[in-house]
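Q: sharing a model prediction with you, sequence too.
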Number of protein chains: 2
Amino acid sequence: MDTIYRKIRQTGGRITAVRREIIAVLHRSSCLMSGAEVAAALKKRGLRPDRSTIFRALSFLAEQGIAVRKSIAGTDYFEIPRRRHDHLVCVHCKSIEKIAVNSELARQERKIAARKKFEVTHHSLEFYGYCKNCRG
Amino acid sequence: MDTIYRKIRQTGGRITAVRREIIAVLHRSSCLMSGAEVAAALKKRGLRPDRSTIFRALSFLAEQGIAVRKSIAGTDYFEIPRRRHDHLVCVHCKSIEKIAVNSELARQERKIAARKKFEVTHHSLEFYGYCKNCRG
DNA sequence: ATATTTGCAAACGTTTTGCATAGTG
DNA sequence: CACTATGCAAAACGTTTGCAAATAT
């Protein structure tokens, strides 16, 4: 957390109330959140920044490599990655659930980097389908 | 290919020129294509359907389980899945390259289905980073 | 003091919709 | 013939931008 603040200051960035709270929200959730979900979480904490400010902050965090951005079903989701994990996405109710990571992936990532001369920064693995409540 | 036509007719759907060509285009490419890319490919074949028609056709194919839809960097991509494969996405030039699949994934998919009572219809695995041309 | 971040309003690109017309089976 | 798919125009959606005012360092 302090590591994040240091990283931001290092490049001339500033720790504002909005950024501090967004980082806190993402850090606590430790799972994907959309811009709208972040906005809702901030509201509960008494902050109502403009949508553009939220998106700017999230884009900023993604550019800094602090957060990761993933597009799912037409909207952008963000998270501050901690332990490696992936997601189950219900195509019916749109719920997103975190699942334990495939440990093979880390190994494969390295193979790809070598074989394809591709520098992997992050990955995105989602299983789509019907969740417990929506199937049948 | 005929299997696809049969599947469409089975539910009262109709084989129109636009649908036939979109299926052909997706089938030949056998990799992710955006709505705009599909439109360009159709243009080369002498067809200029409205954007809405293209999106309706692609959504239709996805609903029928014939094509798969994936959101990458804010736009929707479609493909008719043949052999399992995944993608390398360059965050700089936005290029998308197909890669051989991690065969472990199929196994993990089954485990998840059982453990989480989640019915997996398809998955999406992308490695993000810098391609050969864009790194450095 | 200076450079960065914010709010506002407006633009953007992609995807979706309503409705009358054209086309398929 | 009955029903499905298309074109058009317009809206919806999430995201991005320009600029002047506010804020962090």
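A: Everything's here; your move.
Q: which stretches in chain A count as helices?
A: Listed in chain order, the helices of chain A (DSSP state H) span residues A:2-10, A:17-29, A:35-44, A:51-63, A:104-116.
Q: please work out which of the ones you listed is packed deepest.
A: Among those, helix A:17-29 has the highest mean neighbour count (mean count of other Cβ atoms under 10 Å in any protein chain shown), at a mean of 18. Where C-beta positions appear, they are placed from N, C-alpha and C, glycine not excepted.
Q: and that one, anywhere near DNA strand C?
A: Yes. Helix A:17-29 lies in contact with DNA strand C when judged by Cβ under 7 Å from any atom of the strand; the contacting residues are A:Ala17, A:Val18, A:Arg19.
Q: the helix or strand of chain A with the lowest mean pLDDT packs against which elements?
A: Comparing every helix and strand of chain A by mean pLDDT, DSSP states H and E singles out helix A:104-116 as the least confident one, with a mean of 86. Counting by 3 or more Cβ pairs under 8 Å, 6 or more residues apart in numbering or on different chains; DSSP states H and E, the packing neighbours recorded for helix A:104-116 are strand A:119-130, strand B:96-100.
Q: quick one, which of these is packed in tightest?
A: Mean neighbour count, computed with mean count of other Cβ under 10 Å, is highest for strand A:119-130 among the helices and strands packed on helix A:104-116, reaching a mean of 20.
Q: before we move on, back to that, out of the residues of helix A:17-29 next to DNA strand C, who's nearest A:Phe55?
A: Ranked by distance to A:Phe55 (Cβ to Cβ), these are led by A:Val18 at 11.3 Å.
Q: how about that closest one: what's its closest non-neighbour residue?
A: Nearest non-adjacent residue to A:Val18, counting by Cβ to Cβ, 6 or more residues apart in numbering or on different chains: A:Pro49, 4.8 Å away.
Q: list the contacts for the one you found?
A: By Cβ atoms under 8 Å, 6 or more residues apart in numbering or on different chains, A:Pro49 lies in contact with A:Val18, A:Ala39, A:Leu42, A:Ala57.
Q: from DNA strand D, how far out is it?
A: Noted for A:Pro49: a distance of 11 Å to DNA strand D, by Cβ to the nearest atom of the strand, to the nearest Å.
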